[in-house]
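S.K.: This is the structure alone, sequence omitted:
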């Protein structure tokens, strides 16, 4: 998905949601249904650690309302004007278990110390399944990079969307 299409999609989803408060907002669907959707969005820029291997929380969706499996998809637009590096965004649950990871090469490939031909701005999408517990759970999007001393960020509008279905089949 292009950055422009992602921005348009994010704007449409946020416009359709009721006004949200705070840095990150979760908007659950009706609790009376057997399916449930939760959408969370980051409202500000998230500065990533300049140090390799340090993951920073970007957005979190609370998956509550009984036990069950949720399909979770998260997207973050990573920006790095410095030397290119491998960036990874991952989904983790409330126990800190890494559910899945996606990566991209982001940054300037003409700068000394680069890791290869990357783009300066790249959307990274990751999906996973998280199981809610009777006392709830959450799915967190965290992002970081491999190389050293790379000042970079995730643009506002990173999203975490979770959908619960009583008949989820894992294949």
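M.R.: Noted; the coordinates are in hand. All of these numbers come straight from a predicted model, not from anything done at the bench.

S.K.: Any idea how many residues pack against residue 127?
M.R.: Using other Cβ atoms under 10 Å, residue 127 is surrounded by 14 other residues. Quick note: C-beta positions are derived from backbone N, CA and C, even for glycine.

S.K.: Let the chain start at 326 from now.
M.R.: Yep, numbering from 326; the last one is residue 452 now.

S.K.: which ones are touching it?
M.R.: By Cβ atoms under 8 Å, 6 or more residues apart in numbering, the contact list for residue 452 reads 396-399, 416, 425.

S.K.: Which among those count as buried?
M.R.: Those of the contacts of residue 452 that meet the buried threshold are 396-399, 416, by 16 or more other Cβ atoms under 10 Å.

S.K.: between those, which is closest to residue 444?
M.R.: Set against residue 444, the nearest of those by Cβ to Cβ is residue 399 (19.5 Å).

S.K.: Can you list the low-confidence ranges for this structure?
M.R.: By pLDDT under 70, the low-scoring segments of the chain are 326-358, 391, 459-460.

S.K.: Okay, helices next: where are they in it?
M.R.: Here the chain has its helices, by DSSP state H, at 328-341.

S.K.: I'd like the distance between residue 411 and residue 471.
M.R.: Residue 411 sits at a distance of 5 Å from residue 471 (criterion: Cβ to Cβ, to the nearest Å).

S.K.: list the contacts for the residue of the chain most remote from its centre?
M.R.: No residue in the chain sits farther from the centre than residue 437, which is 29.3 Å out by Cα atoms, centre = their mean. Residues in contact with residue 437 (Cβ under 8 Å, 6+ apart) are residue 408.

S.K.: got the residue ranges for the strands in the chain?
M.R.: Along the chain, the segments classed as strands by DSSP state E run 349-351, 361-367, 371-372, 381-388, 393-404, 410-418, 423-431, 446-457, 462-470, 478-479, 484-489.
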